[in-house]
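> Here is my input; please provide its structure:
(one chain, ligands or ions: 2)
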Amino acid sequence: MITTAIFPSRYVQGSNAIKLLGEELSRLGRKALVIIDPVIFGQFQPLIEEFTAGKVEVYLQGFGGECCDGEIDKHISTATSYQVDLIVGVGGGKTIDTAKATAHQLKLPVAIVPTIASTDAPCSALSVIYTPEGLWERYLVLPRNPDLVLVDTSIIAQAPVRFLVSGMGDALATWFEAEDCQIKRAKNMTGRMGPITAFSLAHLCYETLLEYGVHAKTACEQNVVTPALERVVEANTLLSGLGFESGGLAAAHAIHNGFTMLAETKKFWHGEKVAFGVLTMLILTDRPSAVIDRVFSFCEAVGLPTTLADLGLEGVSRDRLFLAAQQACSAGETIYNEPCEITPESVLAALCTADAEGKRRRQL
Ligand SMILES: NC(=O)c1ccc[n+]([C@@H]2O[C@H](COP(=O)([O-])OP(=O)(O)OC[C@H]3O[C@@H](n4cnc5c(N)ncnc54)[C@H](O)[C@@H]3O)[C@@H](O)[C@H]2O)c1
Ligand SMILES: [Zn+2]
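Numbering: from 1, shown residues only. Ligands and ions are numbered 1, 2, ... in the order given. As a prediction, the model looks like this:
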């Protein structure tokens, strides 16, 4: 059997790692287009200018808010007119995915500087493309992973804690989705089966969250970096990225994609929707109740959604929920990597049951 795993070329993490930006970027190019999330543009412009000075020439451009084709075209056009030889993405998952897609179109190297540990987008060879209105559109699978991922944990610790928790929700899916792909011998994001390395990393991701998740959240609430925070940032960013890409995706992410059909969930972050996708998946795939209890307890302890109301879907009708279930079961979705029968009806049943279980536990 041929297995395949893919990795970013270089991963740098630590408190004040941003000071290494110029040195690290100068390995990749001389002139960079730096795409920055608009919310943090003012905060990061001076940092980027200071820590690249004398090493790399930089042009800064704001990200427009959605990773869609029009937005990618905007950055391609700027990069072309400035004749840059490197693309840098600074921000959350959407800015990062836009930077990766832009670099891919231009066949340039890409460096990623996540400013929140909210998803496992930084390390992957994938951009998730949406419509300008924010509906999930397609996965753009890229031929290579980022050339550099540089994570400054002090920056992550300064950001609102909800992003770190959301990243834990995304990372929580990694082991369960990879495990099901391993059982089913399903394809990972490369279209081949993952090696044991990927499944081990995915499992380490899960163990790290369970062991250090609560303490990492506490540190982030104090805006400080501790060893637990360092571990969870690495789990959210590197372990989860390697684990999902080379292990494979399954139901939790398909259910997330289904939720994007329901406008009420738009104000919730990717990892928050994925976390409820995990709870649903555990019921859908008939996991032992001890596992279900452990994952519910973890979500409750760190503050991830455990009911539909937590995702803005209080009182949602079964008919509307069925729309999300149908979307989760679209042709080609990763939900078919599950080693069990999948229908929109079975997904709806699992969604309703996960919600009821979340409510039941609150009444104990
Ligand atoms: N490509 C992949 O492998 C992959 C994996 C997982 C998720 N994704 C994608 O990532 C996206 C979700 O990413 P996200 O949840 O990071 O959303 P996002 O990029 O929209 O960022 C969330 C919010 O955080 C703000 N922000 C960023 N840095 C900040 C900081 N330091 N302080 C305060 N606010 C800050 C942004 O302005 C934004 O409002 C989705 O599009 C999802 O599909 C991609
Ligand atoms: Zn995800």
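> Grab the nearest non-local neighbour of residue 359.
residue 307 (5.5 Å; CB to CB, 6 or more residues apart in numbering). In short, each C-beta sits where N, CA and C put it, glycine included.
> Please read the previous query as pertaining to residue 156.
residue 117 (4.9 Å).
> For the one you found, give me phi and psi.
Main-chain torsions, residue 117, degrees, to the nearest 10: phi -100, psi 60.
> wait, it sits on residue 164?
Yes: between residue 117 and residue 164 there is a contact at 5.4 Å, judged by CB atoms under 8 Å.
> which one of those two has more residues nearby?
Taking neighbours as other CB atoms under 10 Å, residue 117 and residue 164 compare with residue 117 leading, 34 against 26.
> which ones are touching that one?
Shown in contact with residue 117 (CB atoms under 8 Å, 6 or more residues apart in numbering): 151, 156, 163-164, 167, 232-233, 236-237.
> out of those, who has the most neighbours?
Busiest of the contacts of residue 117 [other CB under 10 Å] is residue 236, holding 36 neighbours.
> With adjacent residues omitted, what lies nearest to that one?
Using CB to CB, 6+ apart, the closest residue to residue 236 is residue 167 (3.6 Å).
> ok, the one you found - contacts?
Residue 167 neighbours (CB under 8 Å, 6+ apart): 116-120, 232-233, 236-237, 240, 271.
> repeat for residue 115
Residue 115 neighbours (CB under 8 Å, 6+ apart): 37, 40, 44, 90-92, 155-156, 159.
> pLDDT below threshold where in this protein?
Counting by pLDDT under 70, not a single residue of the chain qualifies.
> How many neighbouring residues does residue 103 have?
The number of residues near residue 103, taken as other CB under 10 Å, comes to 29.
> Quick check: which element contains it?
Using DSSP states H and E, residue 103 falls within helix 93-106.
> Check residue 151 too.
Here residue 151 is assigned to strand 148-152, by DSSP H and E.
> Quick check: what element follows that strand along the chain?
Following strand 148-152 in sequence, per DSSP H and E, is helix 153-158.
> re the thing from before, what do residue 117 and residue 164 both touch?
Counting by CB under 8 Å, 6+ apart, the residues touching both residue 117 and residue 164 are 156, 232-233, 236.
> quick one: contacts for residue 136?
Going by CB under 8 Å, 6+ apart, residue 136 touches 128, 130, 257, 260.
> if I look at the residue with the largest distance to the centre of the chain, how far off is ligand 1?
In the chain, the greatest distance from the average C-alpha position (CA atoms, centre = their mean) is reached by residue 54, at 33.1 Å. Per CB to the nearest ligand atom, to the nearest Å, residue 54 is found 26 Å from ligand 1.
> residue contacts, that residue?
So residue 54 contacts residue 22 (CB under 8 Å, 6+ apart).
> Could you look up the SS state of it?
When classified by DSSP: H, G, I helix; E, B strand; the rest coil, residue 54 comes out as coil.
> before we move on, the earlier item: ramachandran coordinates for the residue nearest to residue 236?
Per-residue torsions, residue 167: phi -60, psi -30 (degrees, to the nearest 10).
> how about residue 90, what does it touch?
Residue 90 neighbours (CB under 8 Å, 6+ apart): 34-37, 40, 44, 48, 113, 115.
> and with 6 Å instead?
Contacts for residue 90 (CB atoms under 6 Å, 6 or more residues apart in numbering) come out as 36, 44, 113.
> Show me what it bridges to in the sheet.
Note on residue 90: beta-bridge partners by DSSP bridges are residue 36, residue 113.
> if I look at it, how far off is residue 81?
20 Å (CB to CB, to the nearest Å).
> ok so, going back, list phi and psi for the residue farthest from the centre of the chain.
According to degrees, to the nearest 10, residue 54 has phi 80, psi 0.
> Roughly how far does it sit from residue 30?
12 Å.
> re earlier: report the buried members of the contacts of residue 90.
Among the contacts of residue 90, those classed as buried by 16 or more other CB atoms under 10 Å are 36, 44, 113.
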